[in-house]
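Asker: what follows is a predicted structure for the sequence shown.
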Amino acid sequence: MTFARGFAALALAATAAAALTACNDDTVPGATVTVTAPTSASAAPASSAPGTGGPAHTTAAPAGGDCHPSATVIRDAAATLQPIKLGGQTVGWSQPAVGAKPDANDICATLSAAFVPIEGATGSSPTQTLLFHQGRYLGTTTSHWGSEMTIDKSRTTEDTIGIRYRTGGSCTACSDGTFYCAQFHWDGSKVVMIGTPPDYSTDPVTPGTTKC
């Protein structure tokens with residue numbers, strides 16, 4: 001399925017944070033961007049507002065052991081996502097099954113992530129990445145949707161989510177193309193993003209900062 005990628009991306013605000021493991025020597029240094037944690041489940045992305053120099057606000061971390069997630073926590077979070085325009089049509093996001101599990105880490109981990117594609121998705125369809133802190137929905141990783149993403153297990157820990165993004169390639173299932181890596185790390189009060197993912201909403205796709 002082919003989709004128009006003419007959506008303007010919102011800028012991510014830069015902030016200082018300690019760098020995590022780099023992908024390899026063939027990298028472009030990327031800014032460390034703060035991802036805010038909304039005070040409640042919201043359709044707004046978790047990225048900080050451009051030009052503010054920091055997050056708009058953050059939520060306090062729930063006390064350890066207080067995680068009692070509902071079986072619908074991921075489904076409820078996905079229901080807050082706003083439909084997008086693709087090829088002149090309005091397309092909504094798929095609804096995960098009740099009791100759906102995150103794609104990375106347990107839902108009660110310090111940081112976990114779940115991929116939510118659009119309705120009727122194929123392998124290269126738009127996908128949102130939802131972040132959770134000890135069962136609490138924080139928001140999406142960026143202000144724009146992604147595509148062709150996989151969890152980077154070698155760069156994922158209990159408090160950090162690594163994601164591998166592919167751009168280009170001769171087909172969805174082919175192994176060619178260019179791969180970029182980014183990480184999302186809970187620093188004790190908020191999520192910080194290390195490296196910048198590609199922006200698939202532009203045409204052509206805007207590359208990420210760190211090849212892997």
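Answerer: Thanks, I have it. Numbers count the residues shown, from 1 in each chain.

Asker: quick one, helices of the chain?
Answerer: Under the criterion DSSP state H, the chain contains helices at 73-78.

Asker: lowest-confidence helix or strand of it?
Answerer: strand 32-35 (a mean of 40; mean pLDDT, DSSP states H and E).

Asker: all the strands of the chain, residue numbers only.
Answerer: 32-35, 84-86, 89-91, 112-117, 127-133, 136-140, 149-151, 160-167, 178-186, 191-194 (DSSP state E).

Asker: quick one: mean pLDDT for the second one?
Answerer: What it means is strand 84-86. Mean pLDDT, strand 84-86: 89.

Asker: what lines up beside it in the sheet?
Answerer: Sheet partners assigned to strand 84-86 using DSSP bridges are listed as strand 89-91 (antiparallel).

Asker: list the contacts of the strand it pairs with.
Answerer: 83-85, 118-120, 126 (C-beta atoms under 8 Å, 6 or more residues apart in numbering). Just so you know, the C-beta spots here come from the backbone N, C-alpha and C atoms, and that holds for glycine as well.

Asker: kindly recompute the last result at 6 Å.
Answerer: 83-84, 118 (C-beta atoms under 6 Å, 6 or more residues apart in numbering).

Asker: would you mark the buried spots in that strand?
Answerer: residue 91 (16 or more other C-beta atoms under 10 Å).

Asker: need the strands of the chain in a markdown table (columns: distance to residue 203).
Answerer: Below are these laid out as a markdown table (distance: least, C-beta to C-beta, whole Å):
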| stretch | distance to residue 203 |
| --- | --- |
| strand 32-35 | 23 |
| strand 84-86 | 12 |
| strand 89-91 | 17 |
| strand 112-117 | 20 |
| strand 127-133 | 17 |
| strand 136-140 | 21 |
| strand 149-151 | 19 |
| strand 160-167 | 12 |
| strand 178-186 | 16 |
| strand 191-194 | 23 |
